[in-house]
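K.L.:
output the structure for:
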Amino acid sequence: MRFSLKSIALVSIAGVAAVAAVPAQAGPDEDILFRQLEMRTMGYSASVIFAITEGRSDQAQYFTALANQMATAAVMLKDSFEPNTVGQGRLPTRAKPNIWDNWNDFSGKLDKLAADTARVAELENAGDRAGAVKAMEAVFSNCKTCHDTYRTEK
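P.N.:
Take a look at the predicted model:
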């Protein structure tokens, strides 16, 4: 699968615009949408980075932007999940109720994800692509561990 600059730009712009449009006093649907957009930003960035490292994308020149975008989204994740929306709102969600029952564990995992994505961005920004690619292993591991525990299957 090839990722074009146009698709990267459209997803990035749409995510930023949608997040910026969420009001300070959001209801449950806005809270759910906010966290879903942040997770999509994370997933998209990580997927394209993975495709670049496997040679399935010719967009390697955007690795740095994607690493920084992922690190920024990771910082915002904890705030996006803080509102407990269990049983509220109309939007479907794959977030399990045990997120809020086990908030300390869940938020600790988000803190680790933020630190690990920041490390990827730091290495990439310093020109150490090999180090950034290696550091992505921790990011992918964090994602899987958290999703296995706190996200429902499709």
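
K.L.:
which SSE is the residue lying closest to residue 81 once chain neighbours are set aside in?
P.N.:
Closest residue in space to residue 81, ignoring its immediate chain neighbours: residue 35 at 5.4 Å, by CB to CB, 6 or more residues apart in numbering. All C-beta spots, glycine's among them, are computed from the backbone N, C-alpha and C. Here residue 35, judged by DSSP states H and E, is contained in helix 28-53.

K.L.:
residue contacts, the residue nearest to residue 81?
P.N.:
By CB atoms under 8 Å, 6 or more residues apart in numbering, residue 35 lies in contact with 77, 80-81, 95.

K.L.:
which pair of these spans the longest distance?
P.N.:
The most widely separated members of these are 77 and 95, with 11.5 Å between them, by CB to CB.

K.L.:
higher neighbour count, those two?
P.N.:
Neighbour count, other CB atoms under 10 Å: between residue 77 and residue 95, residue 77 has more, with 22 against 19.

K.L.:
dihedrals phi and psi, the more buried one?
P.N.:
phi -60, psi -40 (degrees, to the nearest 10).

K.L.:
and if you look at the one 5 residues further on?
P.N.:
Note on residue 82: its backbone torsions stand at phi -60, psi -40 [degrees, to the nearest 10].

K.L.:
swap in the one 10 residues further on?
P.N.:
Residue 92 adopts backbone torsions of phi -70, psi 150, taken as degrees, to the nearest 10.

K.L.:
centre-most residue in the protein?
P.N.:
In the chain, the centroid-proximal residue (CA atoms, centre = their mean) is residue 42; its distance is 2.2 Å.

K.L.:
that concludes my questions; thank you for your assistance.
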